[in-house]
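A.B. asks: what follows is a protein structure lacking sequence information:
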């Protein structure tokens, strides 16, 4: 009798435990497929906000909707396939310039960022640079490209546009060196009849 009662309790416990495990495991088929489709060695981050520093000073803030970080190969890179925005700070942590691009790739071993697809940089003076491709050298704090660029500079009473096939400057768009300046570069004076 005691033996039968003990066997019934053990059997009931085993059945309940089995039912618990059967009901507790719930996997969505789409989640399982998504896990198997991810490539090994790729980390994904969404709604990224990262602060960059050099020598203990915060120099920039990077924001991006998607980050793909590739591990395992010798080049170690991060990719921003859906756009990125960077605010560059001065010594007082005030924004001195901003950068927007539709695509970016960070090469960690070289401390360089490759930007492409509608790259726009503007500073607090209102100077704006447009190009399709740009390199940002983080260790030197410089931008450079050999692709066509347009720079619209605002001065107190005039606006100038410059077209060139390449340039180099620091992050706040000062100390600019243009390569192969195009003849279409111009200066526009404001219309005095509008004042």
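C.D. replies: Yep, that arrived. Everything numeric in this text was worked out from a predicted model, so none of it was measured. Numbering: from 1, shown residues only.

A.B. asks: residue 52 pairs with what?
C.D. replies: Beta-bridge partners for residue 52, by DSSP bridges, are residue 60.

A.B. asks: so where is the chain shaky, pLDDT-wise?
C.D. replies: Along the chain, segments meeting pLDDT under 70 span 1-7, 11, 13-14, 16, 18-29, 31-40, 72-75, 155-160, 184-195.

A.B. asks: try 80 this time
C.D. replies: Where the chain drops to pLDDT under 80, the residues are 1-41, 71-76, 154-162, 181-195.

A.B. asks: ranges for the strands of it?
C.D. replies: Secondary structure of the chain (DSSP state E): strands at 42-54, 57-70, 77-80, 84-89, 95-101, 103-107, 112-123, 128-137, 142-154, 159-170, 177-178, 186-188.

A.B. asks: mean neighbour count and distance to residue 30 for those strands - can I get that in CSV?
C.D. replies: (Each C-beta comes from the backbone N, C-alpha and C, glycine too.) Below are the strands of the chain laid out as CSV (neighbours: other C-beta atoms under 10 Å; distance: least, C-beta to C-beta, whole Å):
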stretch, mean neighbour count, distance to residue 30
strand 42-54, 11, 16
strand 57-70, 17, 19
strand 77-80, 20, 24
strand 84-89, 20, 29
strand 95-101, 20, 32
strand 103-107, 19, 28
strand 112-123, 19, 31
strand 128-137, 19, 37
strand 142-154, 18, 41
strand 159-170, 17, 47
strand 177-178, 14, 52
strand 186-188, 10, 56
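
A.B. asks: any chance of these in JSON lines, plus distance to residue 9?
C.D. replies: Listed next are the strands of the chain as JSON lines, based on distance: least, C-beta to C-beta, whole Å:
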{"stretch": "strand 42-54", "distance to residue 9": "49"}
{"stretch": "strand 57-70", "distance to residue 9": "53"}
{"stretch": "strand 77-80", "distance to residue 9": "58"}
{"stretch": "strand 84-89", "distance to residue 9": "63"}
{"stretch": "strand 95-101", "distance to residue 9": "68"}
{"stretch": "strand 103-107", "distance to residue 9": "62"}
{"stretch": "strand 112-123", "distance to residue 9": "66"}
{"stretch": "strand 128-137", "distance to residue 9": "70"}
{"stretch": "strand 142-154", "distance to residue 9": "75"}
{"stretch": "strand 159-170", "distance to residue 9": "79"}
{"stretch": "strand 177-178", "distance to residue 9": "86"}
{"stretch": "strand 186-188", "distance to residue 9": "92"}
